[in-house]
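Q: structure for this input, please:
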Amino acid sequence: MPSTVMVFSHPNHEIAALGTIDRIRPHVVFLTDGGGEDRVSQTRDGLSSYLQPEMLHFLNHSEVSLYGALLSHAADFCLSIAMELRDILRRLRPQVIYCDAVEFYNPVHDLTLPIVRAALGKCDDIPVFEVPLIHQKVSDGAFEMQRVPPSLESDCIWFDLNDAELQRKREVLTGDRYKALFSQMGHLILSAIPSRAQREQFLRARSSLPRPAPEQVLRYEERGHMLKSNGVVRDVIGYHEHYVPMFTSLCSFEDLSWAERVEN
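A: Below you'll find the predicted structure:
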């Protein structure tokens, strides 16, 4: 039976699409453990009222392994994750795929789209949509939750939740199920609930390389340099030096057998 699949880099990112999950009941794939079992268990709990356990797929790669792959240009490692995802997609035969948006907030978030592209290979007849979680506005540096920048709004679709879906979403978000994520960005999530919770936004996925604005300071580069200056990390992941080559490598992968195997 055809299905919808959502793919997130980290557990807890499903908060950006809880109402849509409530409505369409997709299978959901998580590429990493989000930094630990806490986020995995909280996602299982948070989605328990929406989905059956067998509809959740945890690949459980560590965050550190993906940071390391970016720093060492290990495209083969990221491609191996794409092949794990490909096997799930072939089994589920999705009609549409949703995945983390490229937002220049966290490089592991931004790897999700090229990993999905690599998993699909040459199969370009399955629509893909990016799910916005958080981005830093160029105008004033403030963070915006669950919306794309204005320049991308014309390429978006929307789901407006009914009262029952909205109530269920609010109950989940304001409960104690997502402690790990709320400890990081809870004030931003809660401030977005009244005005943003009822309408969920999705961006038609970009097939070419998403580029930051020329004047934009990438949050993960800025944070990386701060951590390096404090002796916490040795190397800093850069958009041009690390992300662009990885995106290009993954998106150029062509699996000519995809369509044939799906048909069979």
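
Q: enumerate every residue touching Ser9.
A: With contact taken as C-beta atoms under 8 Å, 6 or more residues apart in numbering, Ser9 is in contact with 30-32, 66, 100, 106, 108-109, 111-112. Backbone N, C-alpha and C define where each C-beta goes, glycine included.

Q: report pLDDT for it.
A: Per-residue pLDDT puts Ser9 at 97.

Q: and for the one 3 residues further on?
A: Asn12 is assigned 92 on the pLDDT scale.

Q: with Leu181 instead?
A: At Leu181, pLDDT is 72.

Q: nearest residue to it other than its sequence neighbours?
A: Spatial nearest neighbour of Leu181, chain neighbours left out: Asn12 (4.0 Å); criterion: C-beta to C-beta, 6 or more residues apart in numbering.

Q: same question for Arg168.
A: Asp22 (5.8 Å).

Q: okay, now the one you found: neighbour count?
A: 21 (other C-beta atoms under 10 Å).

Q: now the strands for the protein?
A: Along the chain, counting by DSSP state E, strands occupy 3-8, 27-32, 56-61, 94-100, 128-131, 134-136, 143-145, 156-160, 199-204.

Q: then the fourth one to CSV, C-alphas only?
A: Just to be clear, that refers to strand 94-100. Presented in CSV, the C-alpha positions along strand 94-100 are these (Å, rounded to 0.1, in the frame of the first residue of the first chain):
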residue,chain,number,x,y,z
PRO,A,94,6.0,6.1,-0.5
GLN,A,95,4.0,8.5,-2.7
VAL,A,96,5.6,11.5,-0.9
ILE,A,97,8.5,12.1,1.3
TYR,A,98,9.0,14.9,3.9
CYS,A,99,12.5,15.6,5.4
ASP,A,100,14.4,18.2,7.5
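
Q: what lines up beside it in the sheet?
A: strand 3-8 (parallel), strand 128-131 (parallel) (DSSP bridges).

Q: mind listing what's buried in it?
A: 94, 96-100 (16 or more other C-beta atoms under 10 Å).

Q: what mean pLDDT would you report for that strand?
A: Strand 94-100 comes out at a mean pLDDT of 97.

Q: do the fifth one as well
A: When the per-residue pLDDT values of strand 128-131 are averaged, the result is 98.

Q: out of the contacts of Ser9, who's the most crowded?
A: Leu31 (30 neighbours).

Q: how about that residue, what does it touch?
A: 7-10, 59, 61, 66, 81, 85, 111-112, 115.

Q: give the residue spans of the stretch 101-250 of the chain that score low on pLDDT.
A: Where the stretch 101-250 of the chain drops to pLDDT under 70, the residues are 182-195.

Q: at 80 what do you get?
A: Residue ranges of the stretch 101-250 of the chain with pLDDT under 80: 122-124, 174-177, 179-197.

Q: re earlier: how near is the residue nearest to Arg168 to Val102?
A: 26 Å (C-beta to C-beta, to the nearest Å).

Q: what do you get for His225?
A: Taking C-beta to C-beta, one finds His225 at 21 Å from Val102.

Q: tell me which of the two has more neighbours.
A: Val102 (25 against 13).

Q: my read: the more buried one touches Leu113, true?
A: Yes: judged on C-beta atoms under 8 Å, Val102 makes contact with Leu113 at a distance of 5.4 Å.

Q: shared neighbours, those two?
A: 130, 206, 210.

Q: top of those residues by neighbour count?
A: Result: Glu130 is most packed of those (other C-beta under 10 Å), 25 neighbours.

Q: distance check, the closest residue to that residue other than its chain neighbours against Phe247.
A: The shortest distance from Glu130 to any non-neighbouring residue, by C-beta to C-beta, 6+ apart, is to Ala101 (3.7 Å). As judged by C-beta to C-beta, Ala101 and Phe247 stand 14 Å apart.

Q: with that, I have no additional questions.
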